[in-house]
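**Student:** Sequence and predicted structure are below.
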Amino acid sequence: MVTKDARRRQLAREKYERQQQRRSSLRSQARKRNAIIAAVVAGVLAISGGAWAAVSLTGGKGSTDAAASASPSASASKAADPCEKAAAGKVGTKQWKKEPAVTIDKKAKYVFTLATTCGDIALDMDAADAPHTVNSFKFLADAGFFDHTKCHRLTTSGIFVLQCGDPTGQGSGGPGYTIPDENLKAKSISGGTYPAGTVAMANTGSAHTGGSQFFLVYKDSTLPASYTPFATITSAGMKVLNKIAAAGEANGTGDGAPNATVVINKATVTKS
């Protein structure tokens, strides 16, 4: 016959085993959840196999809210489209086999202006520290490459950026050539954060794979220094960007098409 003490020990042992199983199950669920989150966050800005899968992000440090008045969440949003109808015209299809020769004046100031359906966004370019990038954007803008293209991706969780520059509007396009990474030792990104107002190149996650796609940071975003910072957004441009961000993204995952219909009617690069 089982004594009372033996029975108590048996019940205690069974209770302990149930607790261990429950803890193990919770740890397993947490690992799966974290893996899913990491996969989503890592799928924001890079091109992989011809499709934009995304940028790899650093995990530990959280991002700091610096300059964006908009604070969109990752929940699904049906916000009204704050933008106007796009101008008539079609996206160009021209491609080039190699990067254009660098002909810009590295000592001069250049302004990249995006005349969008949501308002004008002016970007002050860094020709001294990112000459290949600035030269490529001037070449493409002069060729009308960006005209009538959509800004196809908005992220509202993990990192906070609007991504543009893809003629396909799907995240898979480019000019047919790639350009080298530049300015990766800039002080502004040395702490693992791309500050609000930064404009940088998207890439495949490998070195020197940038093309035409770029992202505009509307809120400080934790990212490794792997994406060429080549311009900063003016204060007037930030107001337009924040308006776009405030409208949220379409699928509620924190990474999707913006609710705002952001079309670049005309892109120009001017020397000032």
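**Tutor:** Looks like it arrived, so ask away.
**Student:** ok, which stretches of this protein are helices?
**Tutor:** With DSSP state H applied, the chain shows helices at 4-41, 131-142, 235-246, listed in chain order.
**Student:** and those helices, which one's lowest on average pLDDT?
**Tutor:** With a mean of 60, helix 4-41 has the lowest mean pLDDT of the helices of the chain.
**Student:** is residue 198 in a bridge, and if so with what?
**Tutor:** With beta bridges defined as DSSP bridges, residue 198 has these partners: residue 232.
**Student:** what bits of the stretch 101-250 of the chain have low per-residue confidence?
**Tutor:** For the stretch 101-250 of the chain, applying pLDDT under 70 flags no range at all.
**Student:** which stretches of it form strands?
**Tutor:** 110-116, 119-125, 149-150, 153-155, 161-164, 193-194, 198-201, 214-217, 221-222, 229-233 (DSSP state E, counting those that start in this stretch).
**Student:** name the helices or strands packed onto the longest strand along the chain?
**Tutor:** Secondary structure assigned by DSSP state E gives strand 263-271 as the longest strand of the chain. Here strand 263-271 touches strand 110-116, helix 131-142, strand 149-150, going by 3 or more CB pairs under 8 Å, 6 or more residues apart in numbering; DSSP states H and E. (C-beta placed from N, C-alpha, C; glycine too.)
**Student:** That one pairs with which strands, parallel or anti?
**Tutor:** strand 110-116 (antiparallel), strand 149-150 (antiparallel).
**Student:** Just want the angle from the longest one to helix 131-142.
**Tutor:** Counting by axes from the mean of the first three to the mean of the last three CA atoms, to 10 degrees, strand 110-116 lies at 40 degrees to helix 131-142.
**Student:** Would you mark the buried spots in strand 110-116?
**Tutor:** Buried residues in strand 110-116, defined by neighbour count with 16 or more other CB atoms under 10 Å: 110, 112, 113, 114, 115, 116.
**Student:** how far is that strand from where the chain is centred?
**Tutor:** 19 Å (CA atoms, centre = their mean, to the nearest Å).
**Student:** which ones are touching the residue nearest the centre of the chain?
**Tutor:** By CA atoms, centre = their mean, the mean C-alpha position of the chain lies nearest to residue 161, the distance being 4.3 Å. Residues in contact with residue 161, defined by CB atoms under 8 Å, 6 or more residues apart in numbering, are 44, 45, 153, 154, 155, 215, 216, 217, 218, 221.
**Student:** before we move on, back to that, which one of the helices and strands packed on strand 263-271 lies closest to residue 171?
**Tutor:** Closest to residue 171 of those is strand 149-150 (CB to CB; 10.4 Å).
**Student:** List the contacts of that closest one.
**Tutor:** 91, 164, 165, 166, 167, 169, 261, 262, 263, 264.
**Student:** Of these, just say which sits nearest to residue 80.
**Tutor:** residue 261 (11.0 Å).
**Student:** Residue 94 against residue 142, yeah?
**Tutor:** No - contact criterion CB atoms under 8 Å: residue 94 and residue 142 do not qualify, at 12.0 Å.
**Student:** hey, what's in contact with both of these two?
**Tutor:** By CB under 8 Å, 6+ apart, no residue touches both residue 94 and residue 142.
**Student:** count of residues packed around residue 234?
**Tutor:** 17 (other CB atoms under 10 Å).
**Student:** try residue 102
**Tutor:** 14.
**Student:** excluding its backbone neighbours, what's nearest it?
**Tutor:** residue 135 (4.6 Å; CB to CB, 6 or more residues apart in numbering).
**Student:** and residue 134, what does it touch?
**Tutor:** Counting by CB under 8 Å, 6+ apart, residue 134 touches 104, 110, 125, 126, 127, 230, 231, 269.
**Student:** wait, the fourth one sits on residue 201?
**Tutor:** No - taking contact to mean CB under 8 Å, the distance of 12.0 Å between residue 126 and residue 201 leaves them out of contact.
**Student:** So residue 264 sits against residue 141, correct?
**Tutor:** No - with contacts counted by CB under 8 Å, residue 264 stays clear of residue 141, the gap being 9.8 Å.
**Student:** Who has more neighbours out of the two?
**Tutor:** Using other CB under 10 Å, the more surrounded residue of residue 264 and residue 141 is residue 264, with 24 against 21.
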